[in-house]
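Student: what follows is a predicted structure for the sequence shown.
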Amino acid sequence: MSTLDNELSDLMKWSIEHDVSDVLIEEGFNHSIEGLSYQQRIKYFYDYSLTHFIDFIIYKAQLSLGNEVAQSKWCEVYSEYGFVNVRVSYLKSSQSRFLTLRLIQDKVKDVFQDLDVHQTILLHQSLQYSHGLICFIGQAGSGKSTTLRSFLFYLRHKRIIS
């Protein structure tokens, strides 16, 4: 494995250990890497060139460096805990480049244990419908995807189209 492979593997290990669902990498003003863990942002300290790291991740995900249109592809990244499925989303602006790495892990977090009484009643009411639309909205890192995945796991015996 190359040095950049090792750095990406270390980032995946850190993400798993901190229960991070998304890794945000911004080149430009901030030069930072942040992890989104259920309703909080945490910093990942990276001492090397973000430019080379972003180029490497874009290459690994087989995205186009020159394209100024938002792109997204899946790839597998090795970590100490095994392979992790990662959706790499890339956006290039005139001043900086942004990457979002969405980690898809096999485990499903049970977010319903944290619901209050009102939320639990709403959940049980929504489960009674035979058809309809449910929207999950909120800011980045608020738990939309985690909640949706938990919700779909809870309803795994029903026919669902997404």
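Tutor: Perfect, I can see it now. Nothing here was measured: the structure is a model prediction, and the numbers come from that model.

Student: which residues of this protein fall in helices?
Tutor: 3-17, 50-60, 117-127, 144-154 (DSSP state H).

Student: do you know which of the ones you listed lies nearest Arg97?
Tutor: Among the helices of the chain, the nearest to Arg97 by Cβ to Cβ is helix 50-60 (5.7 Å). No exception for glycine: its C-beta is placed from N, CA and C like everyone else's.

Student: nearest spatial neighbour of the residue nearest the centre of the chain, skipping sequence neighbours?
Tutor: Centre of the chain computed as the mean C-alpha position; nearest residue by Cα atoms, centre = their mean is Arg102, 2.4 Å away. Among residues not flanking Arg102 along the chain, Arg87 sits closest, at 4.2 Å (Cβ to Cβ, 6 or more residues apart in numbering).

Student: tell me how far the one you found lies from Ile137.
Tutor: 20 Å (Cβ to Cβ, to the nearest Å).

Student: name the residue in the two with the higher neighbour count.
Tutor: Neighbour totals were compared for Arg87 and Ile137, and Arg87 leads with 15 against 6 (other Cβ atoms under 10 Å).

Student: what sits opposite that one in the beta ladder?
Tutor: Applying DSSP bridges to Arg87 gives these bridge partners: Trp74, Arg102.

Student: got a list of what it touches?
Tutor: Ser72, Lys73, Trp74, Leu101, Arg102, Ile104 (Cβ atoms under 8 Å, 6 or more residues apart in numbering).

Student: which pLDDT value goes with it?
Tutor: pLDDT recorded at Arg87 is 89.

Student: sorry, back to before: against Phe151, how distant is the residue nearest to the centre of the chain?
Tutor: From Arg102 to Phe151 the distance is 17 Å (Cβ to Cβ).

Student: was I right about Trp102 contacting Asp22?
Tutor: Residue 102: Arg, not Trp. Yes - the pair Arg102 / Asp22 is scored as a contact, 5.4 Å apart, by Cβ atoms under 8 Å.

Student: what's the pLDDT at Gln106?
Tutor: Careful, residue 106 is Asp; it's not Gln. Confidence score, pLDDT, at Asp106: 65.

Student: oh sorry, the question was meant for Ser79
Tutor: At Ser79, the model reports a pLDDT of 87.

Student: how about the one 5 residues further on?
Tutor: According to the predicted model, the pLDDT of Val84 comes to 88.

Student: of the helices of the chain, which approaches Gly28 most closely?
Tutor: It is, among these and with distance given as Cβ to Cβ, helix 50-60, at 9.1 Å.
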